[in-house]
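[1] Any chance you could fold what I've pasted below:
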Amino acid sequence: MIDKRYLVCTPIITRQKIMNSGINSTMGPGEWLMLLTLSVLWGGSFFFVEVAISELPPLTIVSLRVLLAAVALWIFAFSIGLRLPVTAGAWRAFLIMGALNNVIPFTLIVWGQTHIASGLAAILLTRRPNRWDSATACLPATRHQNATVALLQ
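    Model prediction:
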């Protein structure tokens, strides 16, 4: 039996709370440009995967995509003065995060696009945060969850 005292439910934030929270409720030209850029980059990746999937296997597409992103990030990191980590623990963390956040999801997404259209794949993936929020709405409380809920209220 779960003790209800240890459950933290996602608070329902009303429109009034949002309006009084100090969050900017209007978007200026800069925000619209960032949103447009994000939309083009996000949507473009699904389009290019659909084009590439007819010629290349999914794992090759994912490998090229992750390699291109890694090269771009390393160039950026070196340009701002960051250096390679030297500890095995840092590299192990990089490998685990890279696999869980990039390689595995991208492989599944590209494999899924071999069976459905790119537009449908994009729409289904935009719903992922909502499904995760719904699935984790009530979980056993942790200090992190309590701090997050306190900030939201």
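[2] right, and W91 touches G98 too?
    No: assessed by C-beta atoms under 8 Å, W91 is found out of contact with G98, at 10.2 Å. Heads up, the C-betas are built off the backbone N, CA and C, glycines and all.
[3] got a pLDDT number for I13?
    Reported pLDDT at I13 in the predicted model: 49.
[4] For the longest helix belonging to the chain, enumerate the helices and strands it packs against.
    In terms of residue count, the longest helix belonging to the chain (DSSP state H) is helix 29-53. Using 3 or more C-beta pairs under 8 Å, 6 or more residues apart in numbering; DSSP states H and E, the elements in contact with helix 29-53 are helix 58-79, helix 104-113, helix 118-126.
[5] any idea of the angle that helix forms with helix 58-79?
    If you take axes from the mean of the first three to the mean of the last three C-alpha atoms, to 10 degrees, helix 29-53 sits at 140 degrees to helix 58-79.
[6] Buried residues, helix 29-53. List them.
    S45, F46, V49, E50, A52, I53 (16 or more other C-beta atoms under 10 Å).
[7] Grab the nearest non-local neighbour of the first one.
    Put plainly, it is S45. Nearest non-adjacent residue to S45, counting by C-beta to C-beta, 6 or more residues apart in numbering: R65, 7.7 Å away.
[8] By mean pLDDT, point me to the weakest helix or strand of this protein.
    Sorting the helices and strands of the chain by mean pLDDT, DSSP states H and E puts strand 7-9 at the bottom, at a mean of 46.
[9] quick one on the thing from earlier: please identify the most buried of the helices and strands packed on helix 29-53.
    Between the helices and strands packed on helix 29-53, helix 104-113 has the highest mean count of neighbours, a mean of 17, where neighbours are mean count of other C-beta atoms under 10 Å.
[10] Determine the angle, from 0 to 180 degrees, between it and helix 118-126.
    Going by the same axes, to 10 degrees, helix 104-113 is angled at 140 degrees with respect to helix 118-126.
[11] what packs against helix 104-113?
    In terms of contacts (3+ C-beta pairs under 8 Å, 6+ apart), helix 104-113 is packed against helix 29-53, helix 58-79, helix 118-126.
[12] Can I get those in TSV including distance to P85?
    What follows is the helices and strands packed on helix 104-113, written out as TSV (distance: least, C-beta to C-beta, whole Å):
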stretch	distance to P85
helix 29-53	28
helix 58-79	11
helix 118-126	31
